[in-house]
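Q: after the sequence you'll find the predicted model.
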Amino acid sequence: MPYSYFAGCKIPYFLPEYGSSTVALLDRFEIELRELEFNCCGYPVRDIDFQSFLLAGARNLALAGQKNTDIVTPCKCCYGSLKFVEHYLKQREPVRDQISAMLRTEGLQWEGQTEVKHLLTVLHRDVGIDALRAAVVNPLDGLKVAIHTGCHALRPGNITMYDNPFVPGIFDDLVAVTGAESVFWTMSTECCGNPQWDKNRKLALKQMQRKLQNARQAGADYLCTACTYCQMQFEPKSQSELIPQIDEQKIPAILISQLIGLSIGLDEETLGLKDDIRLKLLVSA
Amino acid sequence: MLYSITFNLALTVFILGTLYRVGRWFTVKVGPDAGQYPVRTRLSQAFKSLFSVFFNRNILRLTSAFFFQVIFQGHILKKDPLRWLMHFLIFAGILLLVLFHALDDQITTNLFSDYYSTVNPYLFLRNLFGAMVLAGIAIAGGRRLVIKGLKKTSTSHDVLALVLLSIILLSGFVLEGSQIISEPVFDEMVEEYADPEDAEALEALQSYWARNYGVVFADSPDPGDLDLIEAGEEVHLESCVTCHARPTAAFVSNPISKLFKPVGVRANSIRLDLILWQIHYLCCFALLAYLPFSKFMHLFTSSVSLMVRSLEDHESLRPANRITRRVISLDACMNCGQCSLHCSVEPINRVLGNPNILPSHKLGSLRKYIQERLADSEQSDFNEGNFICTECNRCTQVCPAGINLQDLWLTTKDDLALRGPSAPYLQVRNRAAFGQPDMQSGGASAAAADPEPLRLDYSGNPASFSACIQCGTCTNVCPVVADYQQDPRLMGYLDLTPQQIVNTYRLGITERALDSKMAWDCFMCFKCQEHCPREIPVAEMMYELRNRGYKGIKNAI
């Protein structure tokens, strides 16, 4: 069954390489994707207004449901929001009725049939570790990668049902497939800091700095992310705002779709590897 | 006399208005980076770019954009054939009418030596073009009524534009209808092309024209006198037929003239045709004068916008030209509403009811904003709209006028941030009302019939917090607490910890937490909630505090 591809709002303009590499990767393993015109997942307005958040999420679930598809998204914040809305509406009938009434005005309805999956889940479960391993042509042996788990897929674990929220393993398995080593670092499951980027820049940078230090101590060459916001947080442009500005602090971030794509020999242009990443990969591999 | 005075007046207004509008492209400042480029730089950069375009291979791209997008509007056809049909009917109809009908003395007579407004195919084509425009307007009006999202974005300007155009077209058709039946017009033509002294021939011609051309005569000749008609035909073939086709070719005006027939004599005696002629011309002149200030200016500005878009990426534009392009963009918007139909955050507008969430409306507010004409309440709505926008770039991709809306929103956000607190976080901390009015103070009265708005309400539900044993696990795992602790000199003092936030719930004093640093600095990483041994929804409580804070803290805590 095809998936509806939920890119989220930030990928088209700010992180197109995550979109193109994800689509190419899934296409390589014959996962069929449908393009639907989704709206915002609701995550950015969860701060502001709960009902807006619920409606935005539910409308997306209904849109995918109308086409009898499940949703796959590469963004962990989109994933977490959609999962929360799904869970919340399934638990509370009066709320569901109220939201359904709003959807009905445009001929949409949601009966709880849509499943929401993250890119990593689809890779891990639908494609499978064996198939991935079999496809590797450029093993990234010797590369040390610090996986950046991402909060909103992991927690709250009873709602997202994504992985063990305390000892996650999916991401490590997928990195291991490429031949790279997933190093152990204590701050792996912590926030990247991006939620405060536009609100309290000082705090966002502090959090990023602590994480980078921790990953460096663990000997990582790269951070690997599987979330639009996490990746944006660790883009070179964002890291260049760190104070003090010393190269010791910086670690480039690579997207999981780029890492796997590279190991199975996908076209570099589709993967959209930026120069800092490519240079370093050449040195390490 | 009246004709030439009003025409010249309208023409003057049109020319001055156009100069004013084009002048604004180089003087109005949009975006925080606009101040660095004086008018002279912007003018010279624009001319330099224009000049360089004409002398390299970009001219090919420009030409293809002109034909494919500006003239044929292929990019609209690809997206929605009905919308294309509507737009193309209006566009082509008006253009052809202006060129070959309004400017017939200047253009048509020079192109076609046999041109008379009264012969075919000109008679027929004029009706066809007019009918095309009317059909387009009908589709446009229908769409505005039927498509829900469009109805919401329509403004009085949209209505005014369609109404003015309709009056011109309808008065034109009615005018032609009244001319068909008009005896005075018949007499004028006889004066010009035949011998008005020859009473016998004149009577014969009248009977022929009454029967075949629908003219209504006060002193009507006998319609049963076949000999007379035959004689009339002879005169007709001699003097008239070469430059006057039968009115049946005017497939819209002719049926209208039939409606006039019963009152034809009266209409002729008051010279209804002259009255309508004046209405038709005055409306055209009014539109001419209004044109530079109306939506119709987009015929020019959207073309410019589309061609600029075809040439280069925004990033490769010279910086001074980016500013100029923004002002052109503000002029090029026709409020077609496509952006709002596809907007990612449109569902949020349904709940919050702030029209500034929709891009087409926000663009209108932006026009006011740069002139500093936004009222206070509009300003906060505008802030909220800009803040809620997720910059997904979709509006830029669907805009049929080629406007780079993404650039407008990004610069506006920067501009708002420079001019003072714009994000709700900052504003709530400054204890200023933000966005929608307070829910409790009747702000939601518009939605009075609707059910209660859905809200997070952990504070009203003791089951959510009463299990808390104040063990402090939430605080121990909190990254914000750790960030503050690592460098207190840089970060300052964190007023409440997560554990203390939950305690405000237990004590029923959540008001004290509403403007706490903790509530607004929280990353929402859900670690506290995940680790809580008593399953308290700590992170969701932070959301509740923010939602409540956002709804408007009016009184100091």
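A: It's in.

Q: and the pLDDT at the residue positioned nearest the centre of chain B?
A: With distances taken as CA atoms, centre = their mean, the residue of chain B nearest its centroid is B:N335 (1.7 Å). With respect to pLDDT, B:N335 has a value of 88.

Q: helix or strand for the nearest residue to it once chain neighbours are set aside, which one?
A: Computed as CB to CB, 6 or more residues apart in numbering or on different chains, the closest residue to B:N335 that is not its neighbour in sequence is B:S360, at 5.5 Å. Bear in mind the C-beta positions are built from the backbone N, C-alpha and C, glycine included. Element membership of B:S360 [criterion: DSSP states H and E] is helix B:359-370.

Q: distance between that helix and the chain's centre?
A: Distance of helix B:359-370 from the chain centroid (CA atoms, centre = their mean, to the nearest Å) equals 11 Å.

Q: pLDDT averaged over it - what is it?
A: Looking at helix B:359-370 alone, the average pLDDT works out to 94.

Q: which other helices and strands contact the helix or strand that that helix is followed by?
A: Sequence-wise, the next helix or strand beyond helix B:359-370 is helix B:376-388, with elements assigned using DSSP H and E. Secondary structure elements in contact with helix B:376-388, counted by 3 or more CB pairs under 8 Å, 6 or more residues apart in numbering or on different chains; DSSP states H and E, are helix B:346-352, helix B:359-370, helix B:405-418.

Q: now those in JSON lines, with mean neighbour count?
A: As requested, those are exported to JSON lines (neighbours: other CB atoms under 10 Å in any protein chain shown):
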{"stretch": "helix B:346-352", "mean neighbour count": "23"}
{"stretch": "helix B:359-370", "mean neighbour count": "22"}
{"stretch": "helix B:405-418", "mean neighbour count": "19"}
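
Q: out of these, the one nearest A:L205 is which?
A: Each of the helices and strands packed on helix B:376-388 was scored for nearness to A:L205 using CB to CB, and the closest is helix B:405-418 (17.1 Å).

Q: just checking, what packs against that closest one?
A: Helix B:405-418 sits against helix B:319-332, helix B:359-370, helix B:376-388, helix B:394-398, with contacts defined as 3+ CB pairs under 8 Å, 6+ apart.

Q: out of the ones you listed, flag the one nearest B:F465.
A: helix B:376-388 (29.9 Å).

Q: tell me the mean pLDDT over the closest one?
A: Mean predicted confidence for helix B:376-388 is 86.

Q: okay, buried residues for it please.
A: B:Q379, B:S380, B:D381, B:F382, B:N383, B:E384, B:G385, B:N386, B:F387, B:I388 (16 or more other CB atoms under 10 Å in any protein chain shown).

Q: any idea how far the second one is from chain A?
A: Separation of B:S380 from chain A (CB to the nearest CB, to the nearest Å) stands at 13 Å.

Q: same deal with the fourth one?
A: Taking CB to the nearest CB as the measure, B:F382 and chain A are separated by 16 Å.

Q: pretty sure that residue is touching B:R367, no?
A: No: contact status for B:F382 versus B:R367: not in contact, 11.0 Å apart, counting by CB atoms under 8 Å.

Q: give the residues shared as contacts by the two.
A: Between them, B:F382 and B:R367 share no contacting residue under CB atoms under 8 Å, 6 or more residues apart in numbering or on different chains.

Q: and the residue in the stretch 101-250 of chain B positioned nearest to chain A, what does it touch?
A: Closest residue of the stretch 101-250 of chain B to chain A, CB to the nearest CB: B:K148 (7.2 Å). Residues in contact with B:K148 (CB under 8 Å, 6+ apart) are A:T105, A:E106.

Q: which of the three states applies to A:L223?
A: Here A:L223 is strand, with the state taken from DSSP: H, G, I helix; E, B strand; the rest coil.

Q: let me know the pLDDT of A:L271.
A: Each residue has a pLDDT score; the one for A:L271 is 93.

Q: for it, grab the count of nearby residues.
A: Other residues lying near A:L271 total 24 when counted by other CB atoms under 10 Å in any protein chain shown.

Q: with A:V175 instead?
A: Around A:V175 sit 25 other residues, with neighbours defined as other CB under 10 Å.

Q: cool, B:D105 as well?
A: Close neighbours of B:D105, defined as other CB under 10 Å, add up to 9.
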